[in-house]
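[1] sharing a sequence plus its predicted fold:
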Amino acid sequence: MKKKFLTLLAFVCGLNGIKADEGMWMLSHISPKSMKVMKDLGLQMSEKELYNTKGTSLKDAVVSFGGFCSGVVVSPDGLVFTNHHCGFGNIQALATPENDILKNGFVAHTQAEELPAKGLYVQILQRTEDITKRVNKALDKYYKEHAAEMAQLGENAKEKMRWNSVDSICLAIENEYAKKYPELICEVSPYYTGNAFYVNVYKQYDDIRLVFAPPQSLGKFGGETDNWMWPRQTCDFSVFRIYADKDNQPAEYSADNRPLKAERYAKVSLEGFKKGDYCMTIGYPGRTNRYLSSYGIVERMENTNESRINVRGVKQGIWKKWMDSDPKIRLQYASKYANSSNYWKNSIGMNKALKELKVVEQKKKQEQQINEWAQKSKKRQERFGNLAPELEKAYAARKDGNRAIAFLNESFLGGPDLMRIAFYFDNLQNAGGETGKATWKNRLRQQYKDWNEEVDKETMTALIDNYAKQVKPEYLPDFYQTIEKEYNNDIRTYVDAMFKQSVLTDTNCVNLTLTQEQKDNDMALKCLKSVMELGGKVSDQISQYNMDVAEKERLLCEAILEMEMDQPHYSDANSTMRLSYGFVDDYTSAAGHQNYFTTMPSLLDKVKQSDRIDEYKVEPEVKALFEKGEFGPYKDKESGEMQLCFLTNNDITGGNSGSPMFNGKGELIGLAFDGNWDALSSDITFTQDLTRCIGVDIRYVLYIIDRWGKAERLIQEIGAR
């Protein structure tokens with residue numbers, strides 16, 4: 001069966017797409033049939049020009065930006081374009097109340113003025129290798145060696161053994177690669193819901209410097225009002241540079257480092273595009289779950305999404321009130337608020353879209369089809385014949401515990417800053433070695449930099465109260481008993497006492513080493529311990545059901561691939577490099593027909609509304625520049641307009657932010673930065689008519705660099721004349 005599956009996997013990876021715009025495809029596995037479809041759409045590059053391990057290719061110009069976004073090298077001296085919201089945290093960290101480069105923007109007029117972005121790194125993919133056979137062989141060996149133990153485990157014995165062993169097998173392979181290639185980063189990732197495995201090998205650069213950022217009014221134009229919406233006018237870009245040592249190799253920050261001599265960089269195009277033109281994105285999409293069962297989708301909606309919507313709504317309401325009242329707090333909480341609200345709104349839109357598109361019902365129909373197909377073969381019936389009821393049972397068994405963990409993580413580990421500080425401090429106390437200690441000290445210092453005690457007290461009080469209303473009483477951490485017995489159920493009094501008593505409210509704690517007794521008596525650490533102990537207890541309670549879910553979901557994916565072997569199937573996104581292809585396209589939704597690009601007059605129309613929508617405000621000098629209308633080589637030759645943002649039907653998700661958008665010649669025409677509201681279900685199901693990728697036109701980016709930033713040196717370096 002294993003050999004059959006591997007043959008099947010190779011087949012489905014090589015199929016050309018029925019829908020040219022759906023799919024996140026591995027560059028290392030583009031077949032001639034797939035290439036033909038891309039070429040029919042307008043691709044003018046060969047397979048080796050896209051992905052080549054024996055020479056340079058377009059993949060070498062695309063970077064994983066910080067492990068959470070994508071970017072693209074655009075000059076021979078390591079200049080990198082990404083989104084403004086991807087660089088937001090690093091720009092904020094470099095801003096001060098006296099020099100607020102987040103609000104006002106930043107231009108390095110010389111390389112000496114480029115600012116080191118501490119903690120930021122980029123990775124460039126070297127190659128991807130299929131190790132599925134090797135992992136499966138190691139699993140078979142493990143099963144044989146532990147046959148007696150398996151016999152005692154009873155039901156789902158093999159899956160339990162797989163659960164215990166697959167991570168260690170992958171880690172051993174990573175360690176082997178690390179010894180063989182100590183200068184590289186080697187990561188093993190599962191594909192096709194754990195039915196296949198690949199190792200991705202990267203070169204990582206840790207000296208990254210900020211070169212250019214537009215003012216926040218442009219980089220986040222429209223803010224939360226326009227987030228996930230179309231039409232858009234957001235100039236969502238920032239510019240960084242990769243630095244290397246004298247031998248052009250990765251190195252920690254040093255004043256002696258010099259700009260990277262890039263092996264490959266993307267040419268920037270000023271030619272523009274029109275409806276129907278080929279467009280592809282290459283980047284690092286985070287997570288999709290398109291093979292997920294109907295029961296898994298319901299759990300996602302009711303647990304993960306609902307906890308985000310509920311808890312972040314409470315938290316952000318408090319943060320916003322304080323940010324509006326104090327410029328210092330606004331700067332401190334700007335990045336945290338943006339990060340929190342992005343997927344808060346995404347979760348709202350996803351739940352809405354999943355319901356309106358009846359995705360759960362569609363999945364149930366597919367599961368019924370799988371059952372009917374499985375019954376036609378005894379072997380299939382044994383493997384797949386009872387999947388739906390077993391999935392239903394496993395998800396139901398972990399429902400309450402899973403919901404509690406979702407709310408616990410959002411409310412406490414991802415909620416009040418003091419809990420995050422306690423978590424970092426606890427790890428610092430237990431860290432082994434100077435490197436580990438330095439890492440946790442740095443995280444603590446960064447957390448303190450963007451922290452206000454009064455804001456955090458109000459946030460913690462509200463979240464403790466809210467959590468108790470969302471879960472069953474048996475899922476309350478022990479500190480709720482303390483609040484009841486010692487503080488007469490007065491949560492704020494308990495929180496005030498914690499902030500007064502804990503050593504963690506003093507930034508000097510970074511240099512403290514506490515005894516076990518001191519840790520046991522510190523109220524913030526006691527609260528964290530209470531949360532962690534409950535989380536561990538609940539995780540243990542539902543661990544068996546987690547294994548059941550993992551096994552059945554993996555089998556469901558395998559069944560889909562086998563049942564639909566005449567159709568194309570790509571693996572879910574997993575933060576590894578993927579290519580999606582499609583074309584520039586308009587958009588029609590319930591709100592009506594929308595053109596595929598926006599222009600400067602549409603931005604100025606929104607600016608006129610800034611007296612009541614604060615997120616449409618721009619600086620007077622920016623407004624005057626735009627009204628002047630001197631767009632030179634950056635306006636579209638055909639329409640005569642200064643085009644700002646545009647739509648394609650490329651398949652993207654979180655992590656694709658900053659992904660280069662290439663034309664058929666592999667030239668850069670834009671940066672992907674968002675999806676659209678009506679298709680926020682796309683992480684789970686792709687809807688061809690609705691799903692759109694929103695990108696900022698590279699000509700708008702260059703216009704801002706040139707005319708607002710007056711950064712002629714960057715324009716010349718990019719060669720955009």
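    That came through fine. Residues are numbered from 1 along each chain as shown.
[2] where's Ala266 relative to Leu413, distance?
    Distance of Ala266 to Leu413, given as CB to CB, to the nearest Å: 39 Å. The C-beta positions use only the backbone N, C-alpha and C, and glycine is treated the same way.
[3] which of the two has more neighbours?
    Neighbours per residue (other CB atoms under 10 Å) separate Ala266 from Leu413, with Ala266 holding more: 23 against 16.
[4] which neighbouring elements make contact with the helix ranked longest in the chain?
    In the chain, ranked by residue count with DSSP state H as the criterion, the top helix is helix 523-563. Helix 523-563 is packed against helix 2-13, helix 157-180, helix 359-374, helix 378-384, helix 387-408, helix 417-430, helix 479-486, helix 491-501, with contacts defined by 3 or more CB pairs under 8 Å, 6 or more residues apart in numbering; DSSP states H and E.
[5] can you list the domain ranges for the protein.
    Following automatic domain parsing, one finds the domains of the chain at 65-266, 294-563, 578-718.
[6] quick one: the strands in the stretch 601-721 of the chain?
    Using DSSP state E, counting those that start in this stretch, the strands of the stretch 601-721 of the chain run over residues 643-648, 660-662, 668-675, 693-697.
[7] which parts of stretch 75-94 are buried?
    75-94 (16 or more other CB atoms under 10 Å).
[8] my bad, should have said stretch 147-154
    In stretch 147-154, the ones that count as buried by 16+ other CB under 10 Å are Met150.
[9] got a list of what the residue lying closest to Lys623 once chain neighbours are set aside touches?
    Spatial nearest neighbour of Lys623, excluding adjacent residues (CB to CB, 6 or more residues apart in numbering): Val607 at 6.1 Å. Contact partners of Val607, counting by CB atoms under 8 Å, 6 or more residues apart in numbering, are 616-618, 623.
[10] of those residues, which is the most crowded?
    Neighbour counts for the contacts of Val607 peak at Tyr616, which has 22 neighbours (criterion: other CB under 10 Å).
[11] helices - which of the buried residues of stretch 75-94 land there?
    Among those, the members found in helices (DSSP H) are 84-94.
[12] any idea which of those residues is closest to Pro633?
    His84 (22.8 Å; CB to CB).
[13] residues contacting the closest one?
    91, 213-214, 216, 218-220, 234-238.
[14] which one among these gets closest to Gly640?
    Proximity of the contacts of His84 to Gly640 (CB to CB) peaks at Cys235, which lies at 20.1 Å.
[15] where's the closest one, which helix or strand?
    Using DSSP states H and E, Cys235 falls within no helix or strand.
[16] model confidence score at the closest residue to it other than its chain neighbours, please.
    For Cys235, ignoring the flanking residues on the chain, the nearest one in space by CB to CB, 6+ apart is Leu218 at 4.2 Å. At Leu218, the predicted lDDT confidence score is 98.
[17] which stretches of the stretch 301-450 of the chain have low pLDDT?
    The stretch 301-450 of the chain contains no residues with pLDDT under 70.
[18] how about stretch 34-47, which residues are buried there?
    Buried positions in stretch 34-47, judged by neighbour count with 16+ other CB under 10 Å: 34-35, 37-38, 41-43, 45, 47.
[19] which strands and helices sit next to the helix or strand encompassing Asn342?
    Assigned by DSSP H and E, Asn342 falls within helix 327-356. Packed against helix 327-356 by the contact rule (3+ CB pairs under 8 Å, 6+ apart) you find helix 84-94, helix 101-104, helix 306-325.
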